[in-house]
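In: Pasting the sequence and the predicted model now:
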Amino acid sequence: MNFLKNLLVVGSLLFAASLLLGAIETGEIQGQVVDENGDGLPGVRITAESPHLQGTRASQTNQDGKFRFPLLPVGTYTLSFRLQGFTPVVQENVVVRLGRVTDLKVTLKPSQIKEEIVVSAPSPLVDKTSSDTSYYLSSQDLEKI
């Protein structure tokens, strides 16, 4: 009789464990965003897109440059990394597997400064090449006066 009870308990535990394992339908992406020196970049905006996901998910790196996307449906994702002053990075074909964690390390490079300053002004009223100090009045100027 004890053997039958033990067999029933073990069978029940195995059945419950198989139900729990079968309930996992998601995976996770985590990682770190660093600069060229290997230092973590805080405040990087990360978006995750996939046909398996309704809409997009967004996250931001912490003070160490680490990020995490938990509970993602299984599939292939495209991640975009953006931070002002750095060239954006798009990482495609990031695979999320059932019950697994996908680790990434992304390096952002500083962007080139592409700022241009244009100064324009009308030509000066004074001719610097002539010493003539006379002033010419047109007929229209005289009518106004």
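Out: Yep, that arrived. Residues are numbered from 1 along each chain as shown.
In: Show me the helices in this protein, by range?
Out: With DSSP state H, the ranges of helices along the chain come out as 2-23, 139-144.
In: Burial check on residue 37, number of neighbours?
Out: Other residues within reach of residue 37, judged by other CB atoms under 10 Å, total 6. To be clear about C-beta, it is placed using only N, CA and C from the backbone, and glycine gets the same treatment.
In: Least confident of the helices of the chain, on average?
Out: Least confidently modelled of these is helix 2-23, at a mean of 62 by mean pLDDT.
In: Correct me if wrong: residue 58 contacts residue 49.
Out: No. Applying CB atoms under 8 Å as the test, residue 58 and residue 49 come out as separate, 10.1 Å apart.
In: out of the two, which sits in the more crowded spot?
Out: Neighbours were tallied for residue 58 and for residue 49 using other CB under 10 Å; the higher tally belongs to residue 49 (15 against 11).
In: Next, the contact list for the more buried one, please.
Out: For residue 49, the set of contacting residues under the criterion of CB atoms under 8 Å, 6 or more residues apart in numbering consists of 56, 77, 78, 79, 80.
In: now that we have these, which one has the most neighbours?
Out: Note: the member of the contacts of residue 49 with the most neighbours is residue 77, at 25 neighbours, neighbours being other CB under 10 Å.
In: hang on, the earlier thing: can you tell me which of the contacts of residue 49 lies closest to residue 136?
Out: residue 80 (63.4 Å; CB to CB).
In: any idea how far residue 54 is from the residue positioned nearest the centre of the chain?
Out: With distances taken as CA atoms, centre = their mean, the residue of the chain nearest its centroid is residue 81 (2.5 Å). Using CB to CB, to the nearest Å, residue 81 is found at 22 Å from residue 54.
In: With residue 51 as the reference, measure out to the closest residue to residue 104 other than its chain neighbours.
Out: Nearest in space to residue 104, with sequence neighbours left out and distances taken as CB to CB, 6 or more residues apart in numbering, is residue 31 at 3.4 Å. Applying CB to CB, one obtains 22 Å for the distance of residue 31 from residue 51.
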